[in-house]
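K.L.:
Fold the stuff below for me.
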Amino acid sequence: MNMGERLRELRLQRSLSQEEVARHIGITRSAYSHYEINNRQPVYGTLIKLASFFDVSLDYIIGGNSSRQPQEMAETSDSREILKLIKDMNQEQRKQSIGLLLDIVKNEHRNEGSG
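P.N.:
Numbering: from 1, shown residues only. Next comes the predicted model:
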């Protein structure tokens, strides 16, 4: 399966229009349409946005790996829930959440060192 076919399959599985996907990743519907019919290839930044939006690996998007799961993160219900929450946040909420997570991790490291 080529990249265009994968993009189309992912979009249809979510019952989305080309316009909806394009709007979410910040491109025109026409540009997205060209990706699905393999007339154009997206730039690296757009590939990352597409993989993130569809919650699949870059390798899956470009047609290399049949696995749909992002390689960087183990498939757990916690990780999927965290990703879903982050996707639903605005930029300020994401920034605050990342700050809170960093504080938690730093505090945990400090506690391990003093125990």
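K.L.:
Which segments of this protein make up each domain?
P.N.:
Annotated domains of the chain cover 3-62, 77-114 [automatic domain parsing].
K.L.:
Adding mean neighbour count and mean pLDDT, write these out as TSV.
P.N.:
Yep, even glycine has a C-beta here, placed from its N, CA and C like the rest. Shown next, in TSV, are the domains of the chain (neighbours: other C-beta atoms under 10 Å; pLDDT from 0 to 100):
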stretch	mean neighbour count	mean pLDDT
domain 3-62	16	93
domain 77-114	10	78
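K.L.:
what about the most centrally placed residue in the chain, which helix or strand?
P.N.:
Nearest residue to the geometric centre of the chain (C-alpha atoms, centre = their mean): Ser52, 0.9 Å. Using DSSP states H and E, Ser52 falls within helix 44-54.
K.L.:
Output the contacting helices and strands for the lengthiest helix in the chain.
P.N.:
Identified as the longest helix of the chain according to DSSP state H is helix 91-114. Contact analysis of helix 91-114 by 3 or more C-beta pairs under 8 Å, 6 or more residues apart in numbering; DSSP states H and E lists helix 77-87 as its packing neighbours.
K.L.:
gap between the helix it packs on and the chain center?
P.N.:
Mean-position distance between helix 77-87 and its chain equals 11 Å (C-alpha atoms, centre = their mean, to the nearest Å).
K.L.:
any idea of the angle it forms with helix 44-54?
P.N.:
120 degrees (axes from the mean of the first three to the mean of the last three C-alpha atoms, to 10 degrees).
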